[in-house]
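In: Dropping the sequence and predicted coords here.
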Amino acid sequence: MSRVGSNPVSIPSGVTVNIDGKKVTAKGKLGELSLDIVDDVDVVMENDALSVIPKNKSKRASSMWGTTASRLSNLIKGVDEGFTVELEINGVGYRAAVKGKTLNLQLGYSHDINFPIPEGIKIACAKPTSVTISGADKQFVGQIAANIRSFRKPEPYKGKGVKYLDEIIFRKEGKKK
């Protein structure tokens, strides 16, 4: 039994939701996002809330019940508030800067890494060692953060590299004489 799917997803004021067959579209102050609904569940709107109902008692319908409810919640939160991921850069000479529509990263390689900022994503660098990624689509924001982190993952000896702000790097002890 899904605990996530059994709770209705409330729609805040300022967000309009349209259900068109198997497609749910939400429009808010941060843009418009849509979600394709799988065949195993139905989505019903009743008094400013979306309810997800499984069509049968199969294992796939049960698993998609909670997944669809969670994705609808992220869709509505994304167009209303948005999502933010913060990265921290550790290392001597490691830094980041936004130049126009590209993120310039200096991560200890012989060349700079120029990462093009995609549409719908905002990247800001308050300090040269911090990168803030924000946007309406939770999955897309997380994927962009993972791509930037993959340029130089944090290593366990000195902790140098790009890491999430709340990530804990388990440190290893170095060589002994």
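Out: Everything's here; your move. The model shown is predicted, which means the values in this text are computed figures rather than measured ones.
In: any idea how far Pro8 is from the residue lying closest to Lys160 once chain neighbours are set aside?
Out: Counting by C-beta to C-beta, 6 or more residues apart in numbering, Lys160 lies nearest to Gly91, which is 3.8 Å off, once chain neighbours are set aside. The C-beta positions use only the backbone N, C-alpha and C, and glycine is treated the same way. From Gly91 across to Pro8, the span is 47 Å (C-beta to C-beta, to the nearest Å).
In: Output the below-cut-off pLDDT ranges for the protein.
Out: For the chain, residues meeting the criterion pLDDT under 70 lie at 1-2.
In: where do the strands sit along it?
Out: Ranges of strands in the chain, per DSSP state E, are 9-10, 16-20, 23-28, 31-36, 41-45, 49-54, 83-90, 95-99, 102-106, 113-116, 121-124, 130-135, 161-164.
In: now what about stretch 32-42, what contacts it?
Out: Residues from elsewhere that reach stretch 32-42, judged by C-beta atoms under 8 Å, 6 or more residues apart in numbering: 22-26, 43, 52-56, 58, 60-61, 64-65, 68, 71-72, 75, 78-79, 136-137.
In: Among the residues you listed, name the buried ones.
Out: Neighbour counting by 16 or more other C-beta atoms under 10 Å classes 24, 26, 43, 52, 54, 61, 64-65, 68, 71-72, 75, 78-79, 136-137 among these as buried.
In: Return the closest of these with respect to Leu103.
Out: Closest to Leu103 out of the buried ones among the contacts of stretch 32-42 is Asp137 (18.0 Å), distances taken as C-beta to C-beta.
In: Does the closest one touch Gly78 like I think?
Out: Yes. Using C-beta atoms under 8 Å, Asp137 is in contact with Gly78, at 5.8 Å.
In: Give me the neighbour count for the closest residue in space to Arg71 that isn't next to it in sequence.
Out: Using C-beta to C-beta, 6+ apart and skipping the chain neighbours, the partner closest in space to Arg71 is Leu35 (5.8 Å). By other C-beta atoms under 10 Å, the residues close to Leu35 number 16.
In: can you tell me which residues contact Asn104?
Out: By C-beta under 8 Å, 6+ apart, the neighbours of Asn104 are Ala96, Ala97, Val98, Asp112, Ile113, Asn114, Phe115.
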